[in-house]
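A.B. asks: Structure, please.
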Amino acid sequence: MNIPGELERIDRWKQRIDMIVPVYSTPWIQKWQTTAYTRDFSNWSQYGEGKAVWGPGIMYESGFPLALHMGVKDIVTIGWDIGDLSKYASTDKMAFDNDWTKQHATDLYKTETGMGPEYEELKNTIDCTKEMYDFFLDNEVKVRILSNTSPADERFERITLQDL
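C.D. replies: You can find the predicted model right below:
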């Protein structure tokens, strides 16, 4: 992230910071170099060095890397719904979900944060879960998803609260 820019926005929104983990992104890393685009999940091993590579997305930048760094072998995601490509009016790679700002920024955070992910960014974030599943399988990490709407690869086991 652009740390000075992010800190300015956090101050403007009056958000609390629990933990700062620098995420290496633009201008150093371009979208096509992110973990989701490259499917290079070995990026997550850099978390132990105090680095996180642009995911995009908090699960790809902190959630999974932190769990792996801590040696977790059984992960249950809660609310990892990623996004919904059907909400985009167009499949143009630069298209936006026009409801994203209202749904995620204004309603949840009471602030204007932008337009959310572009179609191409969200598509790659979803599509990479096929290779992500294989990465977890190869590394003997069990990942289950507590969600009935997550577009992640269907091989990830879906569970309910009652299953926990």
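
A.B. asks: Mind pulling the model confidence for the residue sitting nearest the centre point of the chain?
C.D. replies: Per C-alpha atoms, centre = their mean, the C-alpha nearest to the average position across the chain is that of residue 57, at 2.3 Å. At residue 57, the model reports a pLDDT of 84.

A.B. asks: I'd like the distance between it and residue 161.
C.D. replies: Computed as C-beta to C-beta, to the nearest Å, the residue 57 to residue 161 distance reads 23 Å. All C-beta spots, glycine's among them, are computed from the backbone N, C-alpha and C.

A.B. asks: picking that back up, unless I'm misreading it, the residue nearest to the centre of the chain sits right up against residue 82, doesn't it?
C.D. replies: Yes - under the criterion of C-beta atoms under 8 Å, residue 57 makes contact with residue 82 at 7.3 Å.

A.B. asks: Now do the shared contacts for those two.
C.D. replies: Jointly contacting residue 57 and residue 82 under the rule C-beta atoms under 8 Å, 6 or more residues apart in numbering are residue 125.

A.B. asks: Let me see the backbone angles for the residue nearest to residue 149 when sequence neighbours are not counted.
C.D. replies: Distances taken as C-beta to C-beta, 6 or more residues apart in numbering put residue 81 closest to residue 149, at 5.2 Å, once the chain neighbours are dropped. Note on residue 81: its backbone torsions stand at phi -90, psi -10 [degrees, to the nearest 10].

A.B. asks: Please list all residues in contact with residue 65.
C.D. replies: By C-beta under 8 Å, 6+ apart, the residues touching residue 65 are 43-47, 52.

A.B. asks: Quickly find the element holding it.
C.D. replies: helix 64-69 (DSSP states H and E).

A.B. asks: distance of residue 75 from residue 37?
C.D. replies: From residue 75 to residue 37 the distance is 22 Å (C-beta to C-beta).

A.B. asks: Scan the helices and strands of the protein for the one with the lowest mean pLDDT.
C.D. replies: helix 100 (a mean of 58; mean pLDDT, DSSP states H and E).
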